[in-house]
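1. take a look and give me a structure for this.
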Amino acid sequence: MAEIERYYDAVPRAAARVEDFGPLSLFVRAGAGWPYYARPALDHRGPAVTAGDVRRVLARQRELGLPQAFEWVAEHDPLLRAAVEEAGLTVHEHPLLVLGPQDEPAPARDERDGAAVRVLAADDPALAAAVAVPHLAFGEPGTGVGGAGPAELAARAGEVAADGTAARVAERIASGHTVLAAAFEDGTPLCAGQHNPVGAVTEVAGVGTLPSARRRGLGGAVTAALVAHARAHGVRTVFLSAADEDVARIYRRAGFRPFATALIAEPAGSH
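-> Below you'll find the predicted structure:
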């Protein structure tokens, strides 16, 4: 738990400034990219968080034009939930799973149902398409086969290339902050995900399958490849948060075990 807390605090600092609100820290991204959130201040030893503290952070987020969002681990900061709910936010629960130093991952499979999994370099010609796959996946939540397929992928790949998203991922790959893996069939990425190492801890994030290619085990294959890469490069603790229990079952098959509950708080209707 302590390692994961330090990780959650460290990751945004590479691309954000931190504003101090006593028991809470607000991360404000410097430059383009997905905005960050507020979370409990690392190693805070002062008074417990209150709804007033939450409201002050919310006011600052509104002032800066940022999403009004808090993220934390329920078991580490159990008092924060009552404070954010009193301040008017809705809390969403997500299973947090871990593969610790003593845990054995499920055997990695290089191929699944004809699709080959590989790690992409920063200059890989398929990078934009691989980055685009999770965008389409999360646009059609769930684990059932959906409608978005290769045509939609080609269009979204053009968008992430044009708006700079693919270039930002390439920079993170080149700097060692992100590792991106994808499952390919006939040159087209059907599933992609990443892990983002900080020292001996990493989070697997953004694993998504093209909706038309679901139910083929691709998410598990990509996750296994990411875990294998992390372990081969000295990572001891790999963790992730799942959207729900259906998704968590996929990760349990890859060797992850339930560990805690990740909480996200935001205004009602924005999740």
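2. got any ranges where this protein has weak pLDDT?
-> Counting by pLDDT under 70, the chain contains low-confidence ranges at 107-113, 271.
3. all helices for it, in order.
-> 2-13, 51-64, 80-86, 127-139, 150-162, 165-175, 218-232, 245-253 (DSSP state H).
4. mind checking how far the fifth one is from the chain centre?
-> Read it as helix 150-162. Mean C-alpha position of helix 150-162 versus that of the full chain (CA atoms, centre = their mean, to the nearest Å) differs by 21 Å.
5. buried ones in it, by neighbour count?
-> By 16 or more other CB atoms under 10 Å, the buried positions in helix 150-162 come out as 152-153, 156-157, 160-161. All C-beta spots, glycine's among them, are computed from the backbone N, C-alpha and C.
6. could you figure out how far it is turned away from helix 127-139?
-> Per axes from the mean of the first three to the mean of the last three CA atoms, to 10 degrees, the angle that helix 150-162 makes with helix 127-139 is 120 degrees.
7. from the contact counts, what lies against helix 150-162?
-> Secondary-structure packing of helix 150-162 (3 or more CB pairs under 8 Å, 6 or more residues apart in numbering; DSSP states H and E): helix 127-139, helix 165-175, strand 188-198.
8. highest average neighbour count across these?
-> strand 188-198 (a mean of 25; mean count of other CB atoms under 10 Å).
9. list the strands paired with that one, with their directions.
-> Looking at strand 188-198 with DSSP bridges, its partner strands are strand 179-185 (antiparallel), strand 201-209 (antiparallel).
10. which one of the ones you listed lies nearest to residue 68?
-> Ranking those by proximity to residue 68 (CB to CB) places strand 201-209 first, at 21.6 Å.
11. what angle do that closest one and helix 218-232 make?
-> Using the same axes, to 10 degrees: strand 201-209 against helix 218-232 is 160 degrees.
12. so what touches strand 201-209?
-> Defining contact as CB atoms under 8 Å, 6 or more residues apart in numbering, one finds that strand 201-209 is touched by 3-4, 6-7, 11, 133-138, 190-196, 216, 218-219, 222-223, 226-227, 230, 235-240.
13. still on that earlier bit, winner for burial among the strands paired with strand 188-198?
-> For these, the highest mean count by mean count of other CB under 10 Å goes to strand 179-185, at a mean of 25.
14. and that one, how far out from the chain's middle?
-> 16 Å.
15. which residues touch that strand?
-> 112, 114-120, 126-127, 130-131, 133, 169, 173, 189-197, 213, 218, 221-222, 225-226, 229-230.
16. that one to helix 165-175, inter-axis angle?
-> Using the same axes, to 10 degrees: strand 179-185 against helix 165-175 is 120 degrees.
17. kindly export strand 179-185 (C-alpha atoms) in PDB.
-> Once non-C-alpha atoms are left out, strand 179-185 reads as follows in PDB (Å, rounded to 0.1, in the frame of the first residue of the first chain):
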ATOM      1  CA  VAL A 179       5.600   1.200 -22.300                       C
ATOM      2  CA  LEU A 180       3.000   0.500 -24.900                       C
ATOM      3  CA  ALA A 181       2.100  -3.000 -26.100                       C
ATOM      4  CA  ALA A 182      -0.500  -4.000 -28.700                       C
ATOM      5  CA  ALA A 183      -2.000  -7.200 -30.200                       C
ATOM      6  CA  PHE A 184      -1.800  -7.100 -34.000                       C
ATOM      7  CA  GLU A 185      -3.600  -9.000 -36.700                       C
END
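18. circling back to that earlier point, let's have the helices of the chain in JSON lines, adding distance to residue 23.
-> Formatted as JSON lines, the helices of the chain follow (distance: least, CB to CB, whole Å):
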{"stretch": "helix 2-13", "distance to residue 23": "13"}
{"stretch": "helix 51-64", "distance to residue 23": "6"}
{"stretch": "helix 80-86", "distance to residue 23": "8"}
{"stretch": "helix 127-139", "distance to residue 23": "31"}
{"stretch": "helix 150-162", "distance to residue 23": "37"}
{"stretch": "helix 165-175", "distance to residue 23": "30"}
{"stretch": "helix 218-232", "distance to residue 23": "32"}
{"stretch": "helix 245-253", "distance to residue 23": "30"}
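19. residue 100 is nearest to which of the ones you listed?
-> It's helix 2-13; of the helices of the chain, that one is closest to residue 100 (CB to CB) at 9.1 Å.
20. okay then, goodbye and thanks.
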